[in-house]
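Q: sequence and predicted structure are below.
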Amino acid sequence: MSTATAIAHPNIALVKYWGKRDSALNLPATGSLSMTLDIFPTTTTVSLDEGASGDVLVFNGEQRVDGPAERVTRFLDIVREMAGSTLSARVETVNTVPSAAGLASSASGFAALAVAASAAYGLDLDTRSLSRLARRGSGSASRSVIPGFAIWHAGDSDETSFAEPVAAPDLAMVVAMVEKREKPVSSREAMRRTVLTSPFYPAWVSSTAESLEAAAEACRDGDVERLGRITEVNALRMHALIQSCDPPIRYLSPVSVEIFDRISALRESGVEAWATADAGPNVVILTRPASVDAVTAALDGLAELAVAHPGPAAALVSRAGE
Ligand code: 2P0
């Protein structure tokens, strides 16, 4: 029996992915830029089972038969087709990030699954192919395959839509966990609603493409101030876009807004820090490593905090059998 275990970490986008041009292939409308974290890893083991007549998903010790299990089977179908196999698999995954709280648990989840499943099914994939495969499971997972900072090129086909590393200045993130509850609307559904109903969507697509170009330039130049500014503006634009759906969706809570205000005040006092938030109320602060203590002091009492630095690539940790 072939079995493989992989570890991957979540990532936080500085320039966000929000909207698909092709939902079957998970091709985004625009490219995005992110930092893979060194905290909240997901560990996933895939074991091929010759006697089984279907896949089994065990998530944080609990067997799932609902949506997540179907999503894993759809993903494994892609791997099986690539490998020319019909074998079912048992997938055991342990996630240390609070699930579905807007902290990119699907990114670390599908990056770890892409690495473990491709190894278990005997595929020998390079980093670009792993990023493309992870993207099929969840768009943001394409970036969690990459260590440190990554640019996910939008591309216009399965072959051209992948993430790759980008050099960046020395930065850290402070994750402010406002809530750990499941979010009321999944990002997949919210993206679909945005594309279909927001009158602002075309402006989001064109302005994000410009922001990505500027952010990539700021990374190359080591211009932290410019990168930070782009990060906060892009996040607030994404949330304004999401709120403009019909029916509207609002992911930020009053505490999230309070954190954005405190970071803005901290900046006025001379500390380089910028806030961003994904599809949930949690806020992540981009800062220099030397300013982490100033950021955590400014947010004291508002939310549970975790400090992250650029993390490693998704990696195979063990493999056995043929
Ligand atoms: C991002 N997010 O760039 C953006 C910002 C959330 C807000 O990518 O449908 O789970 O699986 O491709 O990747 C969350 O969406 O969506 C996301 P699918 P995904 O990180």
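A: Nice, I can see it.
Q: what ranges does the stretch 1-150 of the chain have for its helices?
A: Using DSSP state H, counting those that start in this stretch, the helices of the stretch 1-150 of the chain run over residues 67-83, 105-120, 127-137, 141-144.
Q: dump the ones you listed to CSV, plus mean neighbour count and distance to the ligand.
A: C-beta coordinates here come from the backbone N, C-alpha and C atoms, glycine included. Below are the helices of the stretch 1-150 of the chain laid out as CSV (neighbours: other Cβ atoms under 10 Å; distance: least, Cβ to the nearest ligand atom, whole Å):
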stretch, mean neighbour count, distance to the ligand
helix 67-83, 17, 9
helix 105-120, 29, 4
helix 127-137, 23, 7
helix 141-144, 32, 7
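Q: for those, which one sits closest to Leu316?
A: Shortest distance between Leu316 and the helices of the stretch 1-150 of the chain, using Cβ to Cβ, is found for helix 105-120: 5.4 Å.
Q: okay, and the helix or strand of this protein with the least pLDDT?
A: When each helix and strand of the chain is scored by mean pLDDT, DSSP states H and E, strand 62-64 comes last, with a mean of 91.
Q: so what touches that strand?
A: Applying Cβ atoms under 8 Å, 6 or more residues apart in numbering, the contact partners of strand 62-64 are 56-58.
Q: identify those among those that sit within strands.
A: The strands, defined by DSSP state E, take in 56-58 from the contacts of strand 62-64.
Q: and which of the residues you listed is nearest to Phe149?
A: Leu57 (31.1 Å).
Q: pLDDT at the closest one, what is it?
A: Listed pLDDT for Leu57 reads 96.
Q: could you give the bridge partners of it?
A: Arg64, Val91 (DSSP bridges).
Q: contacts only, for it.
A: With contact taken as Cβ under 8 Å, 6+ apart, Leu57 is in contact with 63-64, 68-69, 72, 91, 93.
Q: and of those, the nearest to Asp158?
A: Here the nearest of these to Asp158, counting by Cβ to Cβ, is Val72; it sits at 19.8 Å.
Q: go ahead and confirm that closest one touches Val56.
A: No. Taking contacts as Cβ atoms under 8 Å, Val72 lies outside contact range of Val56: 9.3 Å.
Q: overlap in contacts of the two?
A: Joint contacts of Val72 and Val56 (Cβ under 8 Å, 6+ apart) are Val91.
Q: list the contacts for Ser85?
A: Taking Cβ under 8 Å, 6+ apart as the criterion, Ser85 is in contact with 48, 121-122.
Q: tell me the spacing between it and the ligand.
A: Distance, Ser85 to the ligand, by Cβ to the nearest ligand atom, to the nearest Å: 24 Å.
Q: from Ser85, how far off is the residue located most distally from the centre of the chain?
A: Distance from the centre of the chain peaks at Gly51, with 34.4 Å (Cα atoms, centre = their mean). For Gly51, the distance to Ser85 equals 15 Å [Cβ to Cβ, to the nearest Å].
Q: before we move on, back to that, may I ask which of the contacts of Ser85 has the most neighbours?
A: Leu48 (22 neighbours; other Cβ atoms under 10 Å).
Q: is that one bridged to anything, and to what?
A: Taking DSSP bridges, one finds Ala89 as the beta-bridge partners of Leu48.
Q: test my guess that it contacts Ala4.
A: No. At 9.3 Å, Leu48 does not count as touching Ala4 under the criterion of Cβ under 8 Å.
Q: anything in contact with each of those two?
A: What both Leu48 and Ala4 touch, as defined by Cβ under 8 Å, 6+ apart, is the set Ala120.
Q: good, we can wrap up now.
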